[in-house]
Each structure stands twice: as structure tokens, then as C-alpha cells.
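Participant: sequence unknown, structure follows:
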């Protein structure tokens, strides 16, 4: 058994979602989990919490400590000064989105969602009785950008809350200050709101810089709710601890009126882990970012060598690759189902991310280099097997192709 087989089997045996969700023997590249564990300061803090039997209800002192650690991280990492008291705790970013839609947007108004996007941003509004207005992100050179005219139309159609995902899942874009300002001007012109998902902010590569949307202007601060977490960068999503950053008095007042049904659920161990990550996890994170940087480039090289017809732009942030498979001629509509059944690789089908994602898959490259290499080779073998099994075109078929 090869070294990468041993590693993959160990990950399956550990029971991680990415490695078990679709059945035994598959290579996991779907759910947004890393295969690197977490930072030693985080595991040490959790071990100490267990030693103290710190498994009860969340004490205010621990919650306040996380607020201080998160605010300090925002200042050190991004130059954003926020008050620790403005850091409010929730179990995860999806709950934060739920709260933003239900309690901070105009009742009954559609939610504006740029697509492709993180799937819950398309499904949660419907569960809350809201319509979604999809606004397609557009290709400009080698980057995807916001279509400001389309965004303006979405507000004129009655939309109120815009979902801003930055760094973007699944495209990996990191918006610069000028782009954020341009978006803010459209939002402000219509009296709109923004839910800014910045959960991948610590995972930005050299040459790019995360700019918190609410930090760009007083207008942006006035209309924004910002969701952050240590969950992705330090690989602790299962511990259920995210933070909502409030940046205006109206939202502070409204938050105080929310009931426990909206805000309860943050885990005490999640608070312990998040605090340790923000305070003492920077060195470990630097190493992980370097590893991910190598892997995003390795993925580019592997696709060039084995699947040259797949389009791929190495992401500016996140550990998610957005693979354009439209030239492969694979059976649709669910390409993830094809790669799962024919290659033994789990991905996320782009169609679940909105209509512009059809023909794409999202691939998580936060794994070892041998496993990533095996993932791409398996995908390539499946594509080549299908191509070789297809009958050669007859004279009439060739005539149709060339006219």
C-alpha cells in the first residue's frame, strides 16, 4: 500500500465528513475541511478545557475573551479597528446569514445573491419565505468581477440584502478596496444592506490582501453585518463558533432585542478553540497558507498535464478550486455524480452553486500532494475512459460537426 493510500485510509478511519459522506473508498475533495488537523495552541487549549471539565454552559468571561481575541485579530491582520463588545457570537456563518435575513433585512424582501455561490446562500432564503435574485458574476480577463449594472437592477427589482462573499466561495476571488467601494456605492444608493461573509479571510495568498468590506467607508459600516470565524483557517468548523461584527448603532440596538432562538448554540469548546486560534495560531496558519499556495499551483500543473481541457484560475484566497469542465463533453447535469461514480472522487457540482456553475465542479485541494495528484489522475482516467468508449463519428456526424 502506497504512502498516499495509507494517508487516505487514515483520514477515512478518522471519520471526517469529506472522507465518509459519499461512501467507502472514495477520495474526498468536496466539503470545506482541511486534511492538516489544527494548530497546536488550539489542541492544547482544548486539552486544558477538557482537563478542567469545561463542558457546561458558556460563561460570559469566555465569550468576552473571544471578542477581545477576534477584535485584536481584525486589527493585526487587516488593520480594522472594531470594539470587542461589537463581536457577537453565533454557532456558524449559516446561522449568521439566517439572522441577517430574518431580522436585519426588510420583511419579505428578496435576497440578492451573486452567483456562483456557496449553496446555502441560495437555499436558506427560501426556507425563510424569501425569493432569491441571482446576479451573475462576470469574467473580466483572468478574474471574475461584480456586474454593477446587474446589481443595480436587482435592487430596483426590490432586493434589499446583498450577500457579499469575500474571499469568494467557490471562485476564490479576493476583492480589492476599489471593487468594494464601487459595490458600496450601489448599495448605498438604494438604501440596501449587506451580509459580508468573510470566513475565508485568513486564507489569502501573497499578492492579495483581505479588506473587510465594512472598513471601507462609514456608509459601508452603516449598512453591513460582517460574519467571521476561525473555523476554516484553523479547521475547527465542527466546534460551532462564529462571530457577527456589528458596526452601527441601529444594528446594536436590534441585536439586543433578538431572542435566544436566533442567537443560541455557540459551543463553549468552540469559543476556547477560536480564542486560541486568534491569539496564538498565526505561526501555524503561515505554514498552512504556504502549503495551500503550493497546492493551488500544483493543481494548475496537474490539470495542464492530465486534463488540459479543464479551465482553472488559481484562487486568490480559500483552498477551493473552481474547475471549468464544459469542454470535456461529460454527461450532465451533475458532474459531481460522474466523478464520484467513475473516478471515485467527491467534488461539489457547480450547478448547486447557481445557474452559472453548470459545467463546473468545486474541488477542495487542502490535502497532501500525493492525494491531490491521485485525485486529478483519477479524474483524468475517468474522462479518458469515457472518451475512448464513445463511438467514433460516422461520415454524417463528421459532416454535421464541420458545417
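Facilitator: Yep, it's here. The structure presented is a predicted model; accordingly, all values stated were derived computationally and were not measured.
Participant: Check which residues of stretch 129-146 are buried.
Facilitator: Across stretch 129-146, burial judged by 16 or more other C-beta atoms under 10 Å covers 130, 132, 133, 134, 135, 137, 143, 144, 146. In short, each C-beta sits where N, CA and C put it, glycine included.
Participant: Then stretch 199-206?
Facilitator: Buried residues in stretch 199-206, counted by 16+ other C-beta under 10 Å: 199, 200, 201, 202, 203, 204, 205.
Participant: ok, now which ones touch residue 143?
Facilitator: Residue 143 makes contacts with 173, 313, as judged by C-beta atoms under 8 Å, 6 or more residues apart in numbering.
Participant: What of the one 10 residues further on?
Facilitator: Listed by C-beta under 8 Å, 6+ apart, residue 153 has no contact partners.
Participant: which SSE is it in?
Facilitator: Applying DSSP states H and E as the criterion places residue 153 in helix 148-156.
Participant: Flag every buried residue along that helix.
Facilitator: Within helix 148-156, the residues that count as buried by 16+ other C-beta under 10 Å are 150, 151, 152, 154, 155.
Participant: now swap in stretch 292-308 and tell me
Facilitator: Buried residues in stretch 292-308, counting neighbours by 16+ other C-beta under 10 Å, are found at 292, 295, 296, 298, 299, 302, 303, 306, 307.
Participant: same check, this time on stretch 101-116
Facilitator: For stretch 101-116, by 16+ other C-beta under 10 Å, it's 101-105, 109-116.
Participant: what's the span of it, first residue to last?
Facilitator: 19 Å (C-alpha to C-alpha, to the nearest Å).
Participant: for stretch 192-201, same thing?
Facilitator: End-to-end span of stretch 192-201 (C-alpha to C-alpha): 23 Å.
Participant: Which parts of the stretch 151-300 of the chain are strands?
Facilitator: Using DSSP state E, counting those that start in this stretch, the strands found in the stretch 151-300 of the chain span residues 161-165, 193-197, 224-228, 242-246.
Participant: Could you list the domains of this structure?
Facilitator: According to automatic domain parsing, the chain comprises the domains 3-31+283-386, 40-281.
Participant: Return the member of those domains having the minimum mean pLDDT.
Facilitator: Ranked by mean pLDDT, the domains of the chain bottom out at domain 3-31+283-386, which scores a mean of 94.
Participant: Distance from the chain centre to that one, please.
Facilitator: Centre-to-centre, domain 3-31+283-386 and its host chain are 15 Å apart (C-alpha atoms, centre = their mean, to the nearest Å).
Participant: any idea which residue sits dead centre in the chain?
Facilitator: residue 169 (4.0 Å; C-alpha atoms, centre = their mean).
Participant: Give me the neighbour count for residue 331.
Facilitator: If you count neighbours by other C-beta atoms under 10 Å, residue 331 ends up with 10.
Participant: Now residue 265: closest residue in space that isn't a chain neighbour?
Facilitator: Leaving aside its chain neighbours, residue 265 sits nearest to residue 91 (3.8 Å; criterion: C-beta to C-beta, 6 or more residues apart in numbering).
Participant: Report the contact partners of residue 31.
Facilitator: With contacts defined as C-beta under 8 Å, 6+ apart, residue 31 is in contact with 17, 18, 21, 364.
Participant: Pick the one among the buried residues of stretch 292-308 closest to residue 44.
Facilitator: residue 292 (23.2 Å; C-beta to C-beta).
Participant: wait, that closest one sits on residue 366?
Facilitator: Yes. When contacts are counted by C-beta atoms under 8 Å, residue 292 is listed as touching residue 366 (6.1 Å).
Participant: Regarding stretch 28-37, how distant is the last residue from the first?
Facilitator: In stretch 28-37, first residue to last residue: 15 Å (C-alpha to C-alpha).
Participant: How far off centre is it?
Facilitator: Once both centres are worked out by C-alpha atoms, centre = their mean, stretch 28-37 turns out to sit 12 Å from its chain's centre.
Participant: that older thread, grab the two from the contacts of residue 31 that are most spread out in space.
Facilitator: Largest separation among these by C-beta to C-beta: 21 and 364, giving 12.1 Å.
Participant: what about those two, which has more around it?
Facilitator: A count of neighbours by other C-beta under 10 Å puts residue 364 above the other of residue 21 and residue 364, at 25 against 12.
Participant: Who does the more buried one form a beta bridge with?
Facilitator: residue 320 (DSSP bridges).
Participant: Among the buried residues of stretch 129-146, name the ones in strands.
Facilitator: 132, 133, 134, 135, 143, 144 (DSSP state E).
Participant: JSON lines for these, including distance to residue 383?
Facilitator: Converted to JSON lines, those look like this (distance: C-beta to C-beta, whole Å):
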{"residue": "132", "distance to residue 383": "33"}
{"residue": "133", "distance to residue 383": "35"}
{"residue": "134", "distance to residue 383": "29"}
{"residue": "135", "distance to residue 383": "32"}
{"residue": "143", "distance to residue 383": "27"}
{"residue": "144", "distance to residue 383": "25"}
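Participant: After the longest helix along the chain, which helix or strand is next?
Facilitator: Secondary structure of the chain per DSSP state H: the longest helix is helix 282-306. For helix 282-306, the following helix or strand on the C-terminal side (DSSP H and E) is strand 311-312.
Participant: who does that next one pair up with?
Facilitator: strand 320-324 (antiparallel).
Participant: what comes into contact with the strand it pairs with?
Facilitator: In contact with strand 320-324 (C-beta under 8 Å, 6+ apart) are residues 32, 116, 169-172, 296, 299, 303, 310-315, 347, 350, 359-365.
Participant: Kindly give a single PyMOL line that selects the buried subset of these.
Facilitator: In PyMOL, a selection of the buried entries from those looks like this (16+ other C-beta under 10 Å):
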select buried, resi 32+116+169+170+171+172+296+299+303+310+312+313+314+315+347+350+359+360+361+362+363+364+365
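Participant: can you tell me which of the buried residues of stretch 101-116 are in helices?
Facilitator: Under the assignment DSSP H, these contribute 101, 102, 103, 104 to helices.
Participant: Among the residues you listed, which one lies nearest to residue 56?
Facilitator: residue 103 (28.0 Å).
Participant: ok, that closest one touching residue 259?
Facilitator: No. Using C-beta under 8 Å, residue 103 is not in contact with residue 259; the gap is 9.7 Å.
Participant: Measure how the longest helix of the chain sits relative to strand 320-324, angle-wise.
Facilitator: For helix 282-306 against strand 320-324, the angle by axes from the mean of the first three to the mean of the last three C-alpha atoms, to 10 degrees is 20 degrees.
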